[in-house]
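I would like to see how this sequence folds:
(2 chains)
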Amino acid sequence: MSMETEINFTLNGRPVSVRVPVTMKTLTMLREVLGLTGTKYACGEGECGACTIKVDGRTLNSCLMHAVDCDGREVVTIEGLKTPEGMNPMQKSFVEHGAVQCGFCMPGMIMQADYLAENNPNLTREEAQRGLEGNLCRCTGYTKVLDAVESAVEKKCCGRC
Amino acid sequence: MKETTTYLAPRSLNEAVEAMAAGDVTVFCGGTDLTPQTDSGVKQYGTKLMNIRRIEGLSGVADNGDTIRIGAATTVTDVRHNPLIAKAAPILAEAAERFASDQIRNAASVGGNICNASPAGDMINPLLVLDAAVELASWADGTVQTRSVPLEQFFVGPRKSVKKPEELLTAVVFKKPASDFVGKFRKSGPRPALEISTVSVGIGGNLSNGVFRNVRVAMGSVAPTPLRARNVEAALEGRPLNADSISAAVAAAAIDAKPIDDVRASAWYREHLVKVFTEEVLSHVHGN
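So this is what the prediction gives:
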């Protein structure tokens, strides 16, 4: 049990103000308070990366982050990658390469891949592999995931160009 | 279960330690250790939850001339990419490189890894090799008081340290190693990523004209606390680094390590691994 407190932050480019129990996790807030269910709950302990979001420009596991720590910060979820034209280039690349099977790990996988490409325009396949160490997928076997990331980087498609 | 009624996000150290003096405060920064521990019931929240990330001056790596000071809230990612650490203390960057995953490195703080006081803490091992000390701040007589504790004396048992509940770990400080300092960190787990070290070994010292001096050896996950391996150090100190001294060090590693069987590995395997790593790390240092 814990008391609620009000926090204010930027979520996918828009200011939000929300009351949350002080010990609630960011993932729970996103899914159950704000209704953004793109970010997934899987292991709940930082092992699988399905809950990856971006906070102040860096990715982290939202299942490990206290919601109150979002106060004053800039939060981006998988819903926020969408561009006015539809999917962002990293999302498109995942679809084009058939990198998605059941899809459960994909929001986290794409958030992390997009973050890696955004921070390293010359991202190599090996660097992508290391950067995605914190994201587990139980069906695709990663080869197509890496193909998708490599291709998005080759097209210079970081999502912001 | 008691209720957590207050959330605190102080901007200044004064505010933080004054609030801690009142008691029953659970401190967090990245939350990467606290969250699984509170979720699983290993640890309970206090009535007050304090976020220390917003305290001014608590994060960052500072060059203080002869010493390097890493603020408690500095993330492992910041350590991994810091140019001063890469140049002066690459053993720490090396450990940061193998710390969990990108997402955890982006959130986890150096101070949190130390305060968690796990025998497997990957920031602790290289900091022991660097002979670091931690700064602990508390509130007394209307002001912030600080004391410095050598990291080696900080740990008293699994998840137990000499830090009092009302004290806040504010920084870890170490002397810049001399130019002839060589060091190497090695950890093991079934995967290269997201692994709680089955065993870790860090070795450093001044290597000049083939002779190893001021040798410091740290071991993780082979004792109730992160360990300075004094027998290995004695086997190497002041001696030429060669096949003889390396084999003496490997034999000493088995004396220093006091591993247990647990879910991650058997004591037998850990003892074997600690010897292999000691040899590997020393051969690497010797080769360079």
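
from here on, contacts and neighbour counts on C-alpha atoms
OK.

Neighbours of residue B:263, how many?
7 (other C-alpha atoms under 10 Å in any protein chain shown).

Against residue B:119, how distant is it?
Counting by C-alpha to C-alpha, to the nearest Å, the gap from residue B:263 to residue B:119 is 14 Å.

Check chain A for the residue nearest chain B and tell me.
residue A:60 (4.0 Å; C-alpha to the nearest C-alpha).

Residue numbers of chain B in contact with chain A?
B:1-7, B:30-32, B:35-36, B:49, B:51, B:100-104, B:106-107, B:193-194 (C-alpha under 8 Å from any C-alpha of the partner chain).

and those, which of them are in helices?
When the residues of chain B next to chain A are checked against helices (DSSP state H), the matches are B:35-36, B:102-104.

Return the closest of those with respect to chain A.
When those are compared for distance to chain A (C-alpha to the nearest C-alpha), residue B:103 wins out at 4.0 Å.

which one is that closest one nearest to, not counting chain neighbours?
Nearest residue to residue B:103, sequence neighbours excluded (C-alpha to C-alpha, 6 or more residues apart in numbering or on different chains): residue A:60, at 4.0 Å.

check contacts around the one you found.
Residue A:60 makes contact with A:52-54, B:102-104, B:106-107, according to C-alpha atoms under 8 Å, 6 or more residues apart in numbering or on different chains.

State the helix or strand in which it lies.
Assigning secondary structure by DSSP states H and E places residue A:60 in strand A:58-61.

What residues sit buried inside the helix ranked longest in chain B?
Of all segments of type helix in chain B, defined using DSSP H, the longest is helix B:267-287. Under the neighbour-count criterion of 16 or more other C-alpha atoms under 10 Å in any protein chain shown, helix B:267-287 has B:267, B:270-271, B:273-275, B:277-282, B:285-286 buried.

Let's have those in a markdown table, adding pLDDT.
As requested, the buried residues of helix B:267-287 are exported to a markdown table (pLDDT from 0 to 100):
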| residue | pLDDT |
| --- | --- |
| B:267 | 92 |
| B:270 | 93 |
| B:271 | 93 |
| B:273 | 93 |
| B:274 | 94 |
| B:275 | 95 |
| B:277 | 94 |
| B:278 | 95 |
| B:279 | 96 |
| B:280 | 94 |
| B:281 | 94 |
| B:282 | 95 |
| B:285 | 88 |
| B:286 | 84 |
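
Bridging across strands, which residues link to the residue nearest to residue B:103?
residue A:53 (DSSP bridges).

ok, so what distance separates it from residue A:54?
The value you get for residue A:60 to residue A:54, if C-alpha to C-alpha is used, is 6 Å.

Check residue A:89 too.
17 Å.

and what of residue B:111?
Applying C-alpha to C-alpha to residue B:111 and residue A:54 gives a distance of 22 Å.

Tell me which of the two has more neighbours.
More crowded of residue B:111 and residue A:54, by other C-alpha under 10 Å: residue B:111, with 28 against 23.

The more buried one and residue B:71 touch, don't they?
Yes: Residue B:111 is in contact with residue B:71 according to C-alpha atoms under 8 Å; the separation is 7.4 Å.

Find residues that contact each of these two.
B:170-172.

ok, of those, which come out buried?
Among these, those buried by neighbour count (16+ other C-alpha under 10 Å) are B:170-172.

and which of these is nearest chain A?
Looking across those and measuring by C-alpha to the nearest C-alpha, the closest to chain A is residue B:170, at 19.1 Å.

How far off centre is the one helix or strand that closest one maps to?
Under the criterion of DSSP H and E, residue B:170 resides in strand B:168-175. Relative to the centre of its chain, strand B:168-175 is centred 11 Å away, using C-alpha atoms, centre = their mean, to the nearest Å.

what packs against it?
strand B:67-71, helix B:110-115, strand B:133-140 (3 or more C-alpha pairs under 8 Å, 6 or more residues apart in numbering or on different chains; DSSP states H and E).

what angle sits between the next helix-or-strand element following that strand and helix B:267-287?
Note on strand B:168-175: by DSSP H and E, the next helix or strand toward the C-terminus is strand B:181-188. Here strand B:181-188 runs at an angle of 150 degrees relative to helix B:267-287 (axes from the mean of the first three to the mean of the last three C-alpha atoms, to 10 degrees).

Please state the offset of strand B:181-188 from the chain centre?
13 Å.

in that strand, what counts as buried?
B:181-188.

Not counting its neighbours along the chain, what's nearest residue 143?
Answering for chain A, as no chain was given. In space, residue A:143 is closest to residue A:99, 8.0 Å off (C-alpha to C-alpha, 6+ apart).

hm, I was asking about chain B
Residue B:143 sits nearest to residue B:14 (C-alpha to C-alpha, 6+ apart), 7.2 Å away.

Hmm, residue B:142 and that neighbour touching each other?
No: look at residue B:14 against residue B:142 with C-alpha under 8 Å: they stay out of range, at 9.2 Å.

Can you pick out the residue with more neighbours from the two?
residue B:14 (18 against 8).

Next, find the distance separating that one from residue B:148.
Applying C-alpha to C-alpha to residue B:14 and residue B:148 gives a distance of 18 Å.

try residue B:185
Taking C-alpha to C-alpha, one finds residue B:185 at 25 Å from residue B:148.

For residue A:118, grab the count of nearby residues.
The burial count for residue A:118: 19, using other C-alpha under 10 Å.

So residue B:249 sits against residue B:239, correct?
No: using C-alpha under 8 Å, residue B:249 makes no contact with residue B:239, being 11.0 Å away.

More neighbours: which of these two?
When residue B:249 is set against residue B:239 and neighbours are counted by other C-alpha under 10 Å, the residue ahead is residue B:249, at 24 against 15.

Excluding chain neighbours, what is closest to the more buried one?
Distances taken as C-alpha to C-alpha, 6+ apart place residue B:232 nearest to residue B:249, at 4.8 Å, with adjacent residues excluded.

does the one you found really touch residue B:245, like I thought?
No: Residue B:232 lies out of contact with residue B:245 (C-alpha under 8 Å); the separation is 9.7 Å.

out of those two, which sits in the busier spot?
More neighbours surround residue B:232 than the other of residue B:232 and residue B:245, with 26 against 18 (other C-alpha under 10 Å).
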